[in-house]
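Asker: Here is my input, please return the structure:
(chains A, B, C, D and E)
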Amino acid sequence: MDISTIVGTVFGTICILVSIMLTSDWGLDPNNLIRFLDIPSVFIVIGGTLATMMMRYSFGEIFSIGGIAKNAFILRPVDPTAVIKEFVQLAQIARKDGLLALERVTIEDPFMSKGINYCVDGSETDQIKAVLSQEISAMKARHTAGQDMLKAMELSAPAFGMIGTLIGLVNMLANMDDPKSIGPAMAVAILTTLYGAVIANLFAIPLKDKLAMRSGAEADIKVLMIEGILAINRGENPRMLEESLYSFISPKQREQMRTGK
Amino acid sequence: MDISTIVGTVFGTICILVSIMLTSDWGLDPNNLIRFLDIPSVFIVIGGTLATMMMRYSFGEIFSIGGIAKNAFILRPVDPTAVIKEFVQLAQIARKDGLLALERVTIEDPFMSKGINYCVDGSETDQIKAVLSQEISAMKARHTAGQDMLKAMELSAPAFGMIGTLIGLVNMLANMDDPKSIGPAMAVAILTTLYGAVIANLFAIPLKDKLAMRSGAEADIKVLMIEGILAINRGENPRMLEESLYSFISPKQREQMRTGK
Amino acid sequence: MDISTIVGTVFGTICILVSIMLTSDWGLDPNNLIRFLDIPSVFIVIGGTLATMMMRYSFGEIFSIGGIAKNAFILRPVDPTAVIKEFVQLAQIARKDGLLALERVTIEDPFMSKGINYCVDGSETDQIKAVLSQEISAMKARHTAGQDMLKAMELSAPAFGMIGTLIGLVNMLANMDDPKSIGPAMAVAILTTLYGAVIANLFAIPLKDKLAMRSGAEADIKVLMIEGILAINRGENPRMLEESLYSFISPKQREQMRTGK
Amino acid sequence: MDISTIVGTVFGTICILVSIMLTSDWGLDPNNLIRFLDIPSVFIVIGGTLATMMMRYSFGEIFSIGGIAKNAFILRPVDPTAVIKEFVQLAQIARKDGLLALERVTIEDPFMSKGINYCVDGSETDQIKAVLSQEISAMKARHTAGQDMLKAMELSAPAFGMIGTLIGLVNMLANMDDPKSIGPAMAVAILTTLYGAVIANLFAIPLKDKLAMRSGAEADIKVLMIEGILAINRGENPRMLEESLYSFISPKQREQMRTGK
Amino acid sequence: MDISTIVGTVFGTICILVSIMLTSDWGLDPNNLIRFLDIPSVFIVIGGTLATMMMRYSFGEIFSIGGIAKNAFILRPVDPTAVIKEFVQLAQIARKDGLLALERVTIEDPFMSKGINYCVDGSETDQIKAVLSQEISAMKARHTAGQDMLKAMELSAPAFGMIGTLIGLVNMLANMDDPKSIGPAMAVAILTTLYGAVIANLFAIPLKDKLAMRSGAEADIKVLMIEGILAINRGENPRMLEESLYSFISPKQREQMRTGK
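Answerer: All right, here's what the predicted structure looks like:
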């Protein structure tokens, strides 16, 4: 579980709800919430956004958005220093007993395992690099597709918020006989713009950014892994391999690795 | 037929119409629709957008926009796993009976067929790659031209919506003698902005995005095909060819292929 | 003459004028036009835009903008299929009688003629490619400079429209003694924003886009020509040259060429 | 002196001042200017912009902005045709008397002189290209830094204009007891937005664009010079050198060079 | 300490505070400040921004933002001319006593020291370049991550400012019974927009720009160092090394170096 993302989502929602309920004498009036819930307004913003999502994506893809968003709330951290240590051990085994000895080593990460298998199979360095790099590109493309759905939501929700407000304004302006009704009618008209802004800024944009950073971090680790796999295939010595992988991590992490040993 | 795109278009239109007709006592008043239809407003938004399209494109290109938009509603899915299977078969034939044996194999996809023909003709790998890559670039350029027309519409419609509202505002402000007419006059002025927003956000943007994704998927399949064609031309063994094409598809699709066999 | 651009410009202007003149009883009142013409408003929008153009460009460049814009209205279509046919003929002559025989062939297009001359002079393929590519880059740079002037106009006109409206608002707000004058004063203030929007959206943006597409099409043809010239210099056979140039044109055009022969 | 830039700046300022002073009976009332000058408004827009400039840049850099802006008003045109002619002469000397003979030739332009010196020193073509290209990159980087200061001003001025208007609005809305004061108070509040828009659109943006174009033109000439220097170092014949440098200038300039000789 | 950044931050804050306190008779009324402080408004803007930061980043990263922002206020200037002088000395030692003699030289900068160590160890030029370039990329990536946090703040703060204003407007419009309360209620509603604009424009944007420039300057020095290290490894003569490093600094700095010697 990615605690900060969950806490952030809950806290952001609370901020909005408290702002709505707060009365001038510092009490919280839950009745205010009713004023901010307008079914037709929900209908046009959520409905319109969903409609343009359907125009862009297949039903299967739209159903998968829940799973994609869920990814942002699940923590799958890979520690680069642990990966470097694992590579140093693999390099030591390969040095001592040859590349074939790596076949018996259990490697948990599927990407790294696949790469080491290529080394055992005697593939050429260039070919290994090409296949694994293509795998990273394909992973990035899949991740980008998920982020694009949130991006589409980020753009559509405020647009339909504005469309809803325009419709409300036209209806209000055409019925100005009762001056008392103008204020409340306009309040309702503004609600769709508010909904659109909240959907975009509290959900779509931060989740999209989170997923993009996740994807970037995952790709970074995989690039480090390719570097390590190629070094093992070239038969580099463990010391040099460690040194060159160091340039992928921050000075602070390097310090921790050196002192931790 | 691309059902989700059609359903999305219809559902989005219904969302807007229902929002317009909904009365405060939860009934639907079709008379409201009349208030939202103003011929001069339609004229300036549709007319102005069309005029700037004519300035940019030839009449032939503008007429073709219907066909381009239609593409978004027609489904032409190509299954990458089927393509990989076909390549494995071709590689097996080429291995057993030589490249010339591929001449008798019927290949449905015109791009793939063309590439295999080059192999049969004994063209060099580099040259095949250059010609087929150029073909993909040219296809992308043609697709981009179509998307650019929708992009032009996406930008022009809201601009002419704003111009229409400004014209309406000026006329309203100059005739403020009758206070009762201010509201309805302003309502009419706002309509052009509403039209522009609906044209851009409910039609031009989602269809443009749909076409862009289609184009990307088509190019991805063609890139996979080039990889397969080049591997066959190099005489790679079917097993390795399958493995390297796997990196173009998602882990889920790979699993399906492995278990489906 | 590029008819669609001319028709679009005229039709767009008519759309705006009709919208202004249209009365509520569906008549056209030319007197309305007078309300929309305000000399000081014209002065600040046109004057301010012109001033920032002068700050950016020399007087000579500003005078040339008429010629640049005129280009958008003149049609200079080059048919890629005709160019391919010409190259096939040149390749046949070169095959039969040698490269020197091309000296006696009359080639209308100056770019193509120049490239063939290099072949006759015995220049190396790499050098021909470098010089002709540089020529395309230089052409694109010149075209971009022209489009940049329209881009500057597109950005300045709405900015000075807003500045004019702000000035008008300040004057109106400071003189609110006579409530009757507020409406008309505000109407005048809005006019500059309207002028800026019309200049940008009805003229600057579509003409800029038109010129950019023209420039792209011209560059595409020249890239095709380079490919053809280099193939002739390498002594490629006419059949293969035709095949490789085919990848530059659309499948539809290829079909036309094949059936037209 | 770059006359068009100076005339543009003066003319743009006059446009704004005249718009402010113009009365409804076509006279000019200088008293209006007083209404548009509000010291606190000047303070927040200029002060806020200056403050964010100080946060970004050192004091030395901020003082240099005057010098940078001054560059936009000074004309330093370099004629590419004159440069080409000079290169042809140098190539003729180098052909007749050897590269060392170039040592005695006086070359005014410091960049060109430096490059020719490298030739005389017997440096290798690749090394000359690397050093001179790095020099162009460094020059571009310095120019971009100057333009970035104007860009920061372009973004900060309207932002602080909006902040000032918001502050003015809050104060106005909290003191609505005297209805007569609302108009003038709002007029003052709008002034900061006007100041921000004028600073950005009449000064920062056009001067930034001017400097960018200057920088581009300077880099273009230097790229042409590198091409010429390398050709001389390779001992190319003067005729071919002239021909290849022609591709850097417009067809019109080529025509002038050919007829002018 | 980076004085200009500190002065700018303080001066910008003073500008805003003075603008708020200034009364029409040119006095400063601190009571005005109270009107501009509204706890619920602070809560929604700061709270909402913080919430979306938590959704994007881990708690550890959010706590580090103080340290990142602090970097903008601390001056760590590296003088490129001093670095060039140091390289000339190192090159002289290497020339006279061999690369191994560099082992005894104390080099303060850790990056430069690391690079010279590689030379002493006898690493190949290409490998040194690869490792050190990767180090620069990693440094840039770390810096960009810090700037991205400020970028997220820059985008979220105004968005939650707008959301707060919309909530305030809806509440105000629904309670318009007492006309006297409309003004103050609207004043409060506008405050969140003001807060968002100040956070973005007075803090997030200038600090982000400052950090980006710092990062760029640091990378530039490191690129210069790589160039110097590689030249020493290739055994270039000190004179040529100095000359080629000169192209990284401005003509003014070169002049200073030449005259200062």
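Asker: Just give me the residue right at the centre of chain A.
Answerer: Central residue of chain A (C-alpha atoms, centre = their mean): residue A:211, 0.9 Å from the mean position.
Asker: Please identify which helix or strand holds that residue.
Answerer: Under DSSP states H and E, the secondary-structure element containing residue A:211 is helix A:205-233.
Asker: ok, residue A:94 - how many residues close by?
Answerer: Counted by other C-beta atoms under 10 Å in any protein chain shown, the residues lying close to residue A:94 total 24. Backbone N, C-alpha and C define where each C-beta goes, glycine included.
Asker: Which pLDDT value goes with the residue nearest to the centre of chain A?
Answerer: At residue A:211, the pLDDT value in this model is 91.
Asker: Tell me the residues on the stretch 151-261 of chain A that lie near chain B, please.
Answerer: If contact is defined as C-beta under 8 Å from any C-beta of the partner chain, the residues of the stretch 151-261 of chain A in contact with chain B are A:152, A:155-156, A:159-160, A:162-164, A:166-167, A:169-171, A:173-176.
Asker: Select from those every entry located in helices.
Answerer: Among those, the ones falling in helices (DSSP state H) are A:152, A:155-156, A:159-160, A:162-164, A:166-167, A:169-171, A:173-174.
Asker: do you know how far the residue nearest to the centre of chain A is from chain E?
Answerer: Distance from residue A:211 to chain E, counting by C-beta to the nearest C-beta, to the nearest Å: 10 Å.
Asker: Over to residue A:85?
Answerer: Applying C-beta to the nearest C-beta, one obtains 19 Å for the distance of residue A:85 from chain E.
Asker: what about that residue, how many residues close to it?
Answerer: 16.
Asker: For the closest residue to it other than its chain neighbours, give me the pLDDT.
Answerer: Taking C-beta to C-beta, 6 or more residues apart in numbering or on different chains, and ignoring the residues beside it in sequence, residue A:85 has residue A:257 as its nearest neighbour in space, at 7.7 Å. Reading off the confidence values, residue A:257 has pLDDT 80.
Asker: which parts of the following helix or strand past the helix holding residue A:211 are buried?
Answerer: Per DSSP H and E, the first helix or strand lying C-terminal to helix A:205-233 is helix A:238-246. Applying a neighbour-count criterion of 16 or more other C-beta atoms under 10 Å in any protein chain shown, the buried positions in helix A:238-246 are A:238, A:241, A:242, A:244, A:245, A:246.
Asker: Which members of those residues are the farthest-apart pair?
Answerer: The span of these, defined through C-beta to C-beta, is set by A:238 and A:246 at 12.7 Å.
Asker: related to what we said a few turns ago, give me the buried subset of the residues of the stretch 151-261 of chain A next to chain B.
Answerer: Buried members of those, counted by 16+ other C-beta under 10 Å: A:152, A:155-156, A:159-160, A:162-164, A:166-167, A:169-171, A:173-174, A:176.
Asker: name the element the nearest residue to residue A:172 once chain neighbours are set aside belongs to?
Answerer: By the measure of C-beta to C-beta, 6+ apart, the closest residue to residue A:172 outside its immediate chain neighbours is residue A:185, 4.1 Å from it. Using DSSP H and E, residue A:185 maps to helix A:179-198.
Asker: Could you give me the buried positions within that helix?
Answerer: If you call a residue buried by 16+ other C-beta under 10 Å, then helix A:179-198 has these buried ones: A:182-198.
Asker: Can you tell me what sits against that helix?
Answerer: Contacts with helix A:179-198, where a contact means C-beta atoms under 8 Å, 6 or more residues apart in numbering or on different chains, come from A:16, A:35-36, A:38, A:41-42, A:44-46, A:157-165, A:167-169, A:171-172, A:175-176, E:159, E:162-163, E:166-167, E:169-171, E:173-176.
Asker: angle of it against helix B:179-198?
Answerer: Relative orientation of helix A:179-198 with respect to helix B:179-198: 20 degrees, computed using axes from the mean of the first three to the mean of the last three C-alpha atoms, to 10 degrees.
Asker: I'd like the average pLDDT over helix A:179-198.
Answerer: This predicted structure assigns helix A:179-198 an average pLDDT of 88.
Asker: what's the answer for stretch A:107-118, then?
Answerer: 90.
Asker: ok, and what's touching that stretch?
Answerer: In contact with stretch A:107-118 (C-beta under 8 Å, 6+ apart) are residues A:78, A:83, A:86, A:90, A:102-103, A:105, A:127-128, A:131-132, A:135, A:222, A:225-226, A:228-229, A:232-233.
Asker: Sketch out the low-pLDDT regions of chain A for me.
Answerer: Counting by pLDDT under 70, the low-confidence segments of chain A come to A:24-25, A:260-261.
Asker: Residue most distant from the centroid, it?
Answerer: When distances are taken from the C-alpha mean of chain A, residue A:177 lies farthest, 50.2 Å away, according to C-alpha atoms, centre = their mean.
Asker: The residue lying closest to residue A:29 once chain neighbours are set aside: how many residues sit nearby?
Answerer: Taking C-beta to C-beta, 6+ apart, and ignoring the residues beside it in sequence, residue A:29 has residue A:23 as its nearest neighbour in space, at 4.9 Å. Using other C-beta under 10 Å as the criterion, residue A:23 is surrounded by 12 other residues.
Asker: what's the answer for residue A:250, then?
Answerer: Taking other C-beta under 10 Å as the definition, residue A:250 ends up with a neighbour count of 14.
Asker: can you tell me the residue of the stretch 51-200 of chain A closest to chain D?
Answerer: Taking C-beta to the nearest C-beta, chain D has its nearest neighbour within the stretch 51-200 of chain A at residue A:183, 15.9 Å off.
Asker: how about stretch A:126-139 against chain B, any contact?
Answerer: Yes. Looking at stretch A:126-139 against chain B by C-beta under 8 Å from any C-beta, the contacts come from A:131, A:134, A:135, A:138.
Asker: Show me how to select, in ChimeraX, the buried members of those.
Answerer: Typed into ChimeraX, the line below selects the buried ones among the residues of stretch A:126-139 next to chain B, using 16+ other C-beta under 10 Å:
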select /A:131,134,135,138
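Asker: mind listing which of the residues of stretch A:126-139 next to chain B are in strands?
Answerer: Under the assignment DSSP state E, the residues of stretch A:126-139 next to chain B contribute nothing to strands.
Asker: State the distance from the closest residue to residue A:40 other than its chain neighbours to residue A:167.
Answerer: Ranked by C-beta to C-beta, 6+ apart and with sequence neighbours excluded, the top spatial neighbour of residue A:40 is residue B:22, at 4.9 Å. To residue A:167, residue B:22 is 9 Å away according to C-beta to C-beta, to the nearest Å.
Asker: Against chain B, how distant is residue A:157?
Answerer: For residue A:157 relative to chain B (C-beta to the nearest C-beta), the value is 10 Å.
Asker: so how many other residues sit close to residue A:3?
Answerer: 12.
Asker: scratch that, residue A:145 is what I was asking about
Answerer: The number of residues packed near residue A:145 is 16, by other C-beta under 10 Å.
Asker: what helix or strand does it sit in?
Answerer: Under the assignment given by DSSP H and E, the secondary-structure element containing residue A:145 is helix A:125-174.
Asker: How far off centre is that helix?
Answerer: Counting by C-alpha atoms, centre = their mean, to the nearest Å, helix A:125-174 is centred 12 Å from the centre of its parent chain.
Asker: Kindly report the same for stretch A:4-19.
Answerer: Relative to the mean C-alpha coordinate of its chain, stretch A:4-19 is positioned 18 Å out (C-alpha atoms, centre = their mean).
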